[in-house]
Structure formats: structure tokens, C-alpha cells
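A.B. asks: task: produce atomic coordinates for the following.
(chains A, B and C)
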Amino acid sequence: MIVAKQKDLEVIVGMLQGYERILVLGCGTCTAICLTGGDREVGILASSLRLADKVSGKNRLLKEHTVERQCEWEFLDEINDQVKEVDAILSLGCGVGVQAISERFPDIPVLPGLDTLFMGMPQEESVWVERCSGCGNCILDKTAGICPVTRCTKGLLNGPCGGTNNGKCEVDPEKDCAWTLIYQRLEKQGKLELFDEYHPPRNFQAVVRPGRFTIK
Amino acid sequence: MTSENQFEPEIIAFSCHYCAYAAADLAGIMRLQYPTNIKLIKLPCSGTVDILHILNAFEQGADGVFVAGCLRGGCHFVEGNNRAERRIERAKDILDKVGLGKDRLEMFFMSSSEGPRFAEVAREMTDRIRKLGPSPIRGV
Amino acid sequence: MAESFRDVLNSGKFVITSEIGPPKGTNLEKTLHHIDLLKDKVDALNVTDNQSSVMRYPSLGGCILIKERGGEAILQMTCRDRNRLALQADILFAYTRGIRNILCLTGDSIPVGDHKEAKGVFDLESVQLIRMVRTMESGTDIGGNELNGAIEFYPGAIVTPEANPIEPQLHKFKKKVAAGAEFFQTQAVYDLGNFRNFMQYARQFNVKILAGIVLLVSARMAKFMNDNVPGIFVPQELIDELAGVEKGKGLQKGVEIAARMIRTIKDESICDGVHIMAIGKEEIVPEILAIAGL
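C.D. replies: The predicted structure is shown next:
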């Protein structure tokens, strides 16, 4: 899933300056699951914005709606009518969602209410962790299912650096050293010979920006 | 200022069925005096309070809100009061940012046998909100 | 022509290297002074490459200064700040300026340095960098294109003998050897027992090892390094020894400890030499060497 966090309320308030009729639009997929962009968050954000408006003597239209998925046009049809009534859409989807909406409704400004962080998964209550960088060249078969491109802060392909610190990373003692994890799991699986395999420099042509994929 | 023209705040108290609500009941049975500004809303657990409930109360003109749950470690649903406390933290942050101020919201912990504590909390909140004055969005 | 660093190491002589930290800015006075002070007392001088991710005068520039003043330079090259094109270009340039030794490093992480918001490049890492040097020596760049004029280097790498856990480090060490590293300078070692264990493992490979000696100046510094620097372990006896001296004598005790360690390593032929990192106290290196009897 895609993990995103809400921008500071002050930033959102600033972004919305000059707009009088705003649709706060949630996404019921990834950002709903990471508790930053679903139905509930749309309610809280719209209510916060209304309170801020009232405190400063404004009275703007703040509509609320959440679609199943912002990143597919089929799911955006249901807001056709609402879009006609507003002069801006504040999206609580990821960066893909914001762009899908703005491609679908190119005449109306679509503003990002979130900062998109990474592709990851929930680890424990209220904690999400990054797991994939979408590098286009998966080597998880060689690294015991632990991605060093993503989970090593330097993205090293050939083992740990000297900054490995009792199994943690030099940049953040909260984070595990990916290569220590890989070593331990390969050892457990009896596949340590994979650790000694040389990985050549990454092929950055595996995904050429902007990525495009056609299924055959 | 005489008591006649004193500002009378409206305060919403989201109260847990298992503690604060029962404590309020007890305060009544004990005939304890506490301000009548408090409007009680019974919750099955303080953990069921949503930030949205709190914000809606303010949107509708409340001058103050408090949430009262069980003593720490004493939640009937184990974790409910801790969850409520975290939501209150976030709601306080929002209130600060929208210009209402975090002090209009508070979380209290008490047990069902603490009638006097409920009365004390009611007085404390009423005094606090009186000092802060009416919510700036009252009547907007 | 003077003996190359490779020849010196292969001669069986106990080898001494030290390092120069270039300035933040263009005032080279101190750097030149340190080069002049050390160039004839050690077999080669490393120049750090934006050490600890702190932007400074470049390693390449420092190495050229050493060459100009008649010293032997070891170009430290990290993969943090340059992609494979820039790394190769710098290597070509270094070769044309007479630099023949290169220490291939991954580089510290960006957030430990003074430009925390920068992009860490890491297009390559240490093992791949060593291979890249070897590939370029064969006459092509790593894109497979022919070079008009190849290079020849003596490539080295680093190893952390006191990393915890040690096993993954040993495997990485093996990978660096397989990639073509010929000499190793180690992270600071203080516990010679641990270091002997490491050498037992390392001896199976045909590479030269220089033990890292970092000057301790106080018990506080020792404790700080134990708590904050990954892969460094100062044993309690050394901390006690430093704590035992009267105020103001810490540095002197540190010099004594460093000299003693160097002496022991040499006398017991634990490894092939030492790499002395005085970190800001370069002035004191000749004294350490004198006390060590070198």
C-alpha cells in the first residue's frame, strides 16, 4: 500500500486561500488504511477547516466526499456533479490520486492535502514501514525476502557498511540494519552462499522515468 | 461582576458509562453542588469518542469540552481511555491551529466511586472556560 | 623513481600510513603544514573524502598537494557524492596526476553530516567501486567502452574488525578481496585480542592489513566512541588507564597507549602495519612514532 501523511493544517489553510467552494475528497484505498485520507479524516479535516473559517469570520462551502479509489477514473464519475459546484478539490489521496483527479477534471485546481511517503505496510499500531522502492529489478530471491535497496539507508547491494551497529542502522537506532537481517535469515534458511554472491551496480534503466508499462 | 451577568459557558462532557457517568450520578445522590453548565453525553467507553464528535461540538457552539474516562489501568475495555487520551492530544492540536485554543478541551480520569471528583472537575472546567470567555464562533 | 606504496607493502616492511583531513574552505596552510610534517615519516598519506559527510576541500585536491610535495598519496574515494560517471572521470584525472593508490569506500550516510537534506548518491558501493577500478585497468569503462589510455591503481578498502555482529562484515571483507582489493586499512582497533581473532580469519587471503589506530585523548572520548561510533570498542582497562591520569595529561596518556599498541602490533607481527588517524591532532603523529620506536 501507499503510505502518506497529512500536511500541517496551517499549510492546507494557506493552500486553500482564495477558494470559496471546496470539495474535500477522500480516498477509500491506501490512505484510508493508513488513517490519513479516508472518510473519517475527510470529516475531521473539513470540520477543522470550518472551525478555522468561523474563527476568522469566513463562511466558505466545504463539501465532503470519499471515493473508493482516486487513482482510477471509473471511481471518479460519482463526483461529476459535485465538481461543478466547487472551485477547488482538496485531495486526501496519494500523489497518484491528486494527478488522476486533475487529469480527469483538468479545469479545476486539485490540491494535495497529503505528503506521499512510501510503499509499505503496517508494522504495529500507528506505525507503517517502507518495504519496496519499485526499482524494477527485484532481487528478493537473493536476499531472503528483505529488500536492501529499500531497507538499507544507502541501498547497498553487497553487504553491510561499517555503520552497522549491533544490528541497527547508523542513521537511526530505531531502524534495523537490513544486511544484518538478511544475514540472519539466510543463515536460518541454510542459504548463506547467497550472501557472498556479487551484485553488479543497479540498472537504472529497469524503470525509466516516467515509468510506463504495457501488458502483452 | 454580579452572578446575574456572568458568562455561563456551555460545556459538553463525554463521559464513560463505567466511571465518569456513574460518578456524576453519585455526585447527584450525594447532593454535591456543581455548576449546571455541564451537558453530559454518555459513552459506552471513553475510547469511543471520536475527534469528529469533539470538533462537531465546537462547530455547534460549545465553549468547552471534556472527556472523562476510567482511571489509568482501570478501563473496562482495557485500552479505551488510553486511546481517548491520544485522540484528545490530536484534537487539542487541531483546536490550537484553528484558533480556538487547546485549553477548551481536556481529558480527565476518575472512578465510579468518585462523586466529589466529578463535581470538582465540573467546577474546574467551568472556571477555566469562564476565564477563557465565550467560544469565538458562538453564534457565527 | 621512488618505490610505490604497493612495493613498500610487498617488501615485508612494517608499514605506516596516516591521514590528512582537508580544510573546509580554501585556506590550505594547515593542510600543507601537516603534509610536510608527515610525508617523510610515513609510507603514505590518505586524504579523506568529505569525511563524515561533511563538505570539505576534495580528497583529489589534497592528494595532488601531497604528490607536489613529494609524498605518497592514497586517494580516499566514496560513492556517496558521485555517480558512476563522475567516479570514473575523477579516477582518470587522479591517474594523470600521478596518484596510484585508491581507498574504495561506500561513504558515511548523508544524515550524519552537515548537509542533511542532500541526496545520497550511492550509485555504486565499495565492492562495486573496487571492481570498477579493476575493470578500468583492463582498458574499458564500466559501460564497456574502450578507454583511450587506461589506468593502473593499487586499490584498497576498509574493514571493521570489531563490528557487531562480525560475521556479515567478514563476508563483506571476503567480497572486497574477491573484487580485487589488495590492502585494507581497518576501523580503529583497541582490543588486540579481538583484532588477533580477526587476523586469524584475514590471514587466509593474500592481502595486506593495516590496523587502524585512532588517538584517544581522554576517558570521556573513549566512552563517547563506545556509545556513539559503530564498530569501535575501547576496552574498560584502557578507559581506566586514561581516567587514572591527572588533569591535562590525557593526551600524553593517549599518545603512550597508541605507541604501545603500535609497538605490540609490530613486535608480534600481528598484521602488516598501522594506519594512524589523529583526527585534528596530526601534529602529534611524529611523537607517537618516536615513542613507538619507529
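
A.B. asks: with only the CA atoms kept, save the helix or strand harbouring C:Ile239 in CSV.
C.D. replies: According to DSSP states H and E, C:Ile239 maps onto helix C:236-243. The C-alpha trace of helix C:236-243 is given here as CSV (Å, rounded to 0.1, in the frame of the first residue of the first chain):
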residue,chain,number,x,y,z
GLN,C,236,37.5,-0.9,30.1
GLU,C,237,41.2,-1.2,31.0
LEU,C,238,42.1,1.5,28.5
ILE,C,239,39.3,3.8,29.8
ASP,C,240,40.5,3.2,33.4
GLU,C,241,44.1,3.9,32.3
LEU,C,242,43.0,7.2,30.7
ALA,C,243,40.8,8.1,33.7
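
A.B. asks: and it, what does it pack onto?
C.D. replies: Judged by 3 or more CB pairs under 8 Å, 6 or more residues apart in numbering or on different chains; DSSP states H and E, helix C:236-243 is in contact with helix C:219-228, helix C:250-267. The C-beta positions use only the backbone N, C-alpha and C, and glycine is treated the same way.

A.B. asks: looking at these, which is nearest to chain B?
C.D. replies: When the helices and strands packed on helix C:236-243 are compared by CB to the nearest CB, helix C:219-228 sits nearest chain B, at 31.9 Å.

A.B. asks: run through who's touching the closest one.
C.D. replies: C:188, C:214, C:216, C:232-234, C:238-240, C:242-243, C:250 (CB atoms under 8 Å, 6 or more residues apart in numbering or on different chains).

A.B. asks: pLDDT score assigned to B:Ser3?
C.D. replies: According to the prediction, B:Ser3 has pLDDT 53.

A.B. asks: next: C:Val214.
C.D. replies: According to the prediction, C:Val214 has pLDDT 96.

A.B. asks: does it touch C:Ala188 like I think?
C.D. replies: Yes - the criterion here is CB atoms under 8 Å, and C:Val214 meets it with C:Ala188 at 3.7 Å.

A.B. asks: what is in contact with the two at once?
C.D. replies: The contact lists of C:Val214 and C:Ala188 share C:225, C:232, C:277, where a contact means CB under 8 Å, 6+ apart.

A.B. asks: residue contacts, the second one?
C.D. replies: In this case it means C:Ile232. By CB under 8 Å, 6+ apart, C:Ile232 lies in contact with C:162, C:187-188, C:190, C:214, C:225-226.

A.B. asks: got it, and B:Ala84?
C.D. replies: B:46-47, B:49, B:67, B:69, B:107.

A.B. asks: same thing but 10 Å
C.D. replies: Applying CB atoms under 10 Å, 6 or more residues apart in numbering or on different chains, we find B:Ala84 in contact with B:14, B:16, B:43, B:45-50, B:67-70, B:75, B:107, B:109.

A.B. asks: okay, the spatially closest residue to it that is not a sequence neighbour and chain A: tell me how far apart.
C.D. replies: Take B:Ala84 and drop its neighbours on the chain: the residue closest to it by CB to CB, 6 or more residues apart in numbering or on different chains is B:Ser46, 4.0 Å away. To chain A, B:Ser46 is 18 Å away according to CB to the nearest CB, to the nearest Å.

A.B. asks: which pLDDT does the model give B:Ser46?
C.D. replies: Reported pLDDT for B:Ser46: 97.

A.B. asks: make sure it is actually in contact with B:Phe108.
C.D. replies: Yes - in terms of CB atoms under 10 Å, B:Ser46 counts as a neighbour of B:Phe108; the distance is 9.4 Å.
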